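J.: 3D, please:
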Amino acid sequence: MPAEFTMTVTVAPATTLEGVVRVPGDKSISHRYAMFAALAEGVTRITHYAPGNDCQSTLRCLEQLGTVVSRHTAFDRDTGAEVPTVQIVGRGLRGLQSPSADLDCGNSGSTLRMLAGILAAHPFTSVLTGDVSLRRRPMMRVVTPLAEMGADVTSFNGRPPVRVTGGNLHPITYHPDTPSAQVKTAVLLAGLQTAGVTTFEEPAQTRDHTERALRALGAKVDVQGHVIRITGEQPLTGRPLAVPGDPSSAAFWACAAAALPGSFIELRDVGLNPSRTAIFEVLRRFGADVDIQVERTDAEEPVGRVRVRHKQLNRLELTPAEVPGLIDELPVLAALATHGGELRVTGAQELRAKESDRITALINGLRALGADADELPDGFHVRGSRRLLGGEADAADDHRLAMAFAVAGLGGLEPTIIRGADAVNVSYPGFFDVLDALRT
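T.: Just a heads-up that it's a prediction; the model follows:
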């Protein structure tokens, strides 16, 4: 099977990293703001929209569905920089148009799953597909509840392409077996366009950007613990929105600072939503010096700065109950463990259904660099008992693995070569340029 990403990058060992970083806009929030804006009435202007390929896939799909989207840059008075900005003219609930071709979601599972929830309420047929990696990923977790609501949803052996024929839905109460913010969002978006009350009962808390964004655009969402209810046919109203920096992207720099003696990195304008900040608390437990300050709230999302300094790493075990709040950060925590700590993770079988089988690909890559690491059925065990040798690691078409191997490689005796390093463009274009700028 041909690789989606082919660029090779060499990461030289580093002694210390130091500097101030503003990471790209949050990928999860950018997807949601764009989709919700398309369902709103009026115009929504989104600043600091995530520049990666995944969020661009969302915009292209919305355009295919008749949404007017304009892209430009805007001057940020706080930073003195030009920032990515998107303006979307909303079409209202159930106001999208039938696409003339398949909707190409690229590498973005978020686009496919959440957009399926929107399309389930529209009275036409859409086909959602994507690249080779996306077409390997499981989709029954979103197909099942949308079909239960009354949409005609089919997939190819449980994977994309996903065909959605929408129409008049009925509300449901849904209890998924596996925590998933994307499935929750798909069901709530379908419920928003359905008369009556739709209820989603999470087995464990997941990120709550959907609930916050819906409220910011004027909808009422009832949240009682792990139970979320939405009354359908509430109109959304377009408004200016600013996307905070992505904490999952910030995690790579936080772990890099924690890895190297003498390092200090300050991350500014980072989203500090409590459902996303477990990574920083875990870094403290791992031994890093982490200072967090919430500075403001934008559209119900707390935003602030994070400062991370290196300290002595120790042994850490992450339990299944902790995994949902750290699912995107687990690869870089494994990379951090190679710098002298030890990390054991269980209950993370969800990693096998990401852009790659992140458990197998992660451990294969770390071992190729000389790590003492074991693959577990539902996780991994990495022991920083020896310094990495360096060598060559395959990112397996996975943006988070490409960046994790870069963090691991900073501690190598020799340079680390990362195959498929251009996968970082999925979420963090310019990642390797920032890495070079932080070297001291």
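J.: all helices for this protein, in order.
T.: Along the chain, the segments classed as helices by DSSP state H run 27-39, 53-64, 109-119, 140-148, 181-192, 209-216, 247-259, 278-286, 330-337, 358-368, 399-409, 431-438.
J.: out of those, the one nearest residue 101 is which?
T.: helix 53-64 (6.9 Å; C-beta to C-beta). Any C-beta I mention is one placed from the backbone N, CA and C, and that applies to glycine too.
J.: re earlier: columns mean pLDDT on top of the helices of the chain, output as CSV?
T.: Output for the helices of the chain, formatted as CSV (pLDDT from 0 to 100):
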stretch, mean pLDDT
helix 27-39, 98
helix 53-64, 97
helix 109-119, 98
helix 140-148, 97
helix 181-192, 97
helix 209-216, 98
helix 247-259, 98
helix 278-286, 97
helix 330-337, 98
helix 358-368, 97
helix 399-409, 98
helix 431-438, 98
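J.: look up how far residue 416 lies from the residue nearest to residue 283 when sequence neighbours are not counted.
T.: Spatial nearest neighbour of residue 283, chain neighbours left out: residue 290 (5.2 Å); criterion: C-beta to C-beta, 6 or more residues apart in numbering. Distance, residue 290 to residue 416, by C-beta to C-beta, to the nearest Å: 26 Å.
J.: likewise residue 25?
T.: Counting by C-beta to C-beta - residue 25 and residue 416 are separated by 28 Å.
J.: equivalent analysis for residue 374, please.
T.: To residue 416, residue 374 is 20 Å away according to C-beta to C-beta.
J.: of all the helices of the chain, which one is nearest residue 89?
T.: Residue 89 sits nearest to helix 27-39 of all the helices of the chain, at 8.5 Å, using C-beta to C-beta.
J.: which neighbouring elements make contact with the closest one?
T.: strand 43-47, helix 53-64, strand 81-89, helix 109-119, helix 181-192, helix 209-216, helix 247-259 (3 or more C-beta pairs under 8 Å, 6 or more residues apart in numbering; DSSP states H and E).
J.: got CSV for those, with mean neighbour count and distance to residue 33 too?
T.: As requested, these are arranged in CSV below (neighbours: other C-beta atoms under 10 Å; distance: least, C-beta to C-beta, whole Å):
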stretch, mean neighbour count, distance to residue 33
strand 43-47, 19, 5
helix 53-64, 22, 10
strand 81-89, 19, 8
helix 109-119, 27, 12
helix 181-192, 27, 12
helix 209-216, 22, 6
helix 247-259, 28, 16
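J.: helices and strands of the protein: which one bottoms out on pLDDT?
T.: Least confident helix or strand, the chain: strand 68-76 with a mean of 90, by mean pLDDT, DSSP states H and E.
J.: contact partners of that strand?
T.: Strand 68-76 is contacted by residues 34, 47-48, 59, 62-63, 81-89 when judged by C-beta atoms under 8 Å, 6 or more residues apart in numbering.
J.: out of the residues you listed, which one has the lowest pLDDT?
T.: The member of the contacts of strand 68-76 with the lowest pLDDT is residue 81, at 79.
J.: contacting residues for that one?
T.: Contacts for residue 81 (C-beta under 8 Å, 6+ apart) come out as residue 75.
J.: kindly provide the distance from it to residue 48.
T.: For residue 81, the distance to residue 48 - C-beta to C-beta - is 10 Å.
J.: number of nearby residues for residue 312?
T.: For residue 312, the neighbour count with other C-beta atoms under 10 Å is 10.
J.: nearest residue to residue 140 in space, please, no chain neighbours.
T.: Per C-beta to C-beta, 6+ apart, closest to residue 140 is residue 158, 4.5 Å.
J.: before we move on, the earlier item: ok, residue 290 and residue 416, which is more surrounded?
T.: Neighbour comparison, residue 290 and residue 416: the larger count goes to residue 416, with 27 against 20 (by other C-beta under 10 Å).
J.: please name the bridge partners of the more buried one.
T.: Counting by DSSP bridges, residue 416 forms beta bridges with residue 11, residue 391.
J.: same check on residue 289?
T.: Beta-bridge partners of residue 289, counted by DSSP bridges, are residue 309.
J.: same check on the one 5 residues further on?
T.: With DSSP bridges as the criterion, residue 294 is bridged to residue 304.
J.: for stretch 100-117, measure first residue to last.
T.: The straight-line separation of the ends of stretch 100-117 (C-alpha to C-alpha, to the nearest Å) is 19 Å.
J.: ugh, wrong one, stretch 149-160
T.: 20 Å.
J.: for residue 299, see how far away the closest residue in space to residue 300 that isn't next to it in sequence is.
T.: Ranked by C-beta to C-beta, 6+ apart and with sequence neighbours excluded, the top spatial neighbour of residue 300 is residue 212, at 4.0 Å. Separation of residue 212 from residue 299 (C-beta to C-beta): 7 Å.
J.: and if you look at residue 187?
T.: Residue 187 is 22 Å from residue 299, by C-beta to C-beta.
J.: likewise residue 380?
T.: 36 Å.
J.: and these two? which has more neighbours close in?
T.: Taking other C-beta under 10 Å, residue 380 and residue 299 do not tie; residue 380 has more neighbours (25 against 19).
J.: thinking that one is in contact with residue 372, fair?
T.: No: here residue 380 does not reach residue 372: they are 11.5 Å apart, not a contact under C-beta atoms under 8 Å.
J.: now the common contact residues for those two.
T.: Common neighbours of residue 380 and residue 372 (C-beta under 8 Å, 6+ apart) do not exist.
J.: ok, residue 372 - how many residues close by?
T.: 16.
J.: can you check residue 20 too?
T.: Counted with other C-beta under 10 Å, residue 20 comes out at 12.
J.: for it, name its beta-bridge partners.
T.: residue 266.
J.: state the pLDDT value of it.
T.: In this model, residue 20 carries a pLDDT of 98.
J.: likewise residue 3?
T.: Here, the pLDDT recorded for residue 3 equals 52.
J.: lovely, talk soon.
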